[in-house]
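Peer 1: sequence first, then the predicted structure:
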Amino acid sequence: MLIYLHGFNSSPASHKAQVMKAHLEGRGFAHLYACPALPDTPREAIGAIEAVLAQHPAARDPQTVTFLGSSLGGFYATYLAERLRCRAVLINPAITPHIGLAAYLGTQKNLHTGEPYELTRAHLEGWRELLVERIDPERYLLLLETGDEVLDWREAARKYEGARMIIRQGGDHTLQSFPEHIGRVLAFAGIPAGN
């Protein structure tokens, strides 16, 4: 089971989520993919992910689950991978959103739905509570681009030292090279290449 976790102010309509969904559907593996809409509050986001785990038979055994988390979704993927002892592929992951997103306090709007909400100090505290200090690098595959204009890729490289990493020069926060990594992501998740 591959569970895509989108980033801050994003949604299941994000480009990478749609590319992965189409790829798996085209190979007859749609039943092994999920991409929940994550609420803006950290605990509710974790609850939405746990609901997906509870309702998908393929996700009953954490050893068969791989999270694919982009940016803030990578932060959530780390929390869950360590708690459930499963794998995660991280795309330009957020390392300390409780610090990095402090500059965005106030009114926010989801880029895909247009829905507004207030980003508050309670959000920051919620992310701080989910911070995982120590990780098992064996659980992770990192996909980083050095041209990320939002997050410093070097922070992720330090945090996940010892994990499998693909670091591409250039690019941006969206991970322009994502389509090139689909086969690698599926292999890491244990999903066959397809028909």
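Peer 2: On my side now, so go ahead. The model shown is predicted, which means the values in this text are computed figures rather than measured ones.
Peer 1: got the residue ranges for the helices in the chain?
Peer 2: With helices called from DSSP state H, the chain shows them at 15-26, 42-55, 72-84, 97-100, 121-130, 153-159, 182-189.
Peer 1: residues in contact with the residue nearest to A30 when sequence neighbours are not counted?
Peer 2: Spatially, and ignoring its direct neighbours in sequence, A30 is nearest to L24 (5.7 Å; CB to CB, 6 or more residues apart in numbering). Quick note: C-beta positions are derived from backbone N, CA and C, even for glycine. Contact analysis of L24 by CB atoms under 8 Å, 6 or more residues apart in numbering lists 2, 30, 32-33, 191.
Peer 1: redo these as a markdown table? Include neighbour count, pLDDT and distance to Q169.
Peer 2: What follows is the contacts of L24, written out as a markdown table (neighbours: other CB atoms under 10 Å; pLDDT from 0 to 100; distance: CB to CB, whole Å):
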| residue | neighbour count | pLDDT | distance to Q169 |
| --- | --- | --- | --- |
| L2 | 26 | 96 | 27 |
| A30 | 12 | 93 | 34 |
| L32 | 21 | 93 | 32 |
| Y33 | 22 | 95 | 30 |
| I191 | 18 | 91 | 28 |
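Peer 1: follow-up on the earlier one: what's the closest of the helices of the chain to T66?
Peer 2: T66 sits nearest to helix 182-189 of all the helices of the chain, at 3.7 Å, using CB to CB.
Peer 1: buried sites along the closest one?
Peer 2: 185-186, 188-189 (16 or more other CB atoms under 10 Å).
Peer 1: of all these, which two lie farthest apart?
Peer 2: L186 and F188 (7.3 Å).
Peer 1: which one of the helices of the chain has the most crowded surroundings?
Peer 2: Here the criterion is mean neighbour count by mean count of other CB atoms under 10 Å, and of these the winner is helix 72-84, at a mean of 24.
Peer 1: would you mind measuring from the residue nearest to A30 to L2?
Peer 2: Using CB to CB, to the nearest Å, we find L24 at a distance of 7 Å from L2.
Peer 1: center of this structure - which residue?
Peer 2: G69 (1.1 Å; CA atoms, centre = their mean).
Peer 1: where does that residue land on pLDDT?
Peer 2: Per-residue confidence (pLDDT) for G69: 98.
Peer 1: same thing with R60?
Peer 2: For R60, pLDDT reads 77.
Peer 1: which residues sit in contact with P62?
Peer 2: P62 neighbours (CB under 8 Å, 6+ apart): 84-86.
Peer 1: over to T96: give its phi and psi.
Peer 2: phi -130, psi 70 (degrees, to the nearest 10).
Peer 1: number of residues surrounding it?
Peer 2: Counted with other CB atoms under 10 Å, residues neighbouring T96 total 15.
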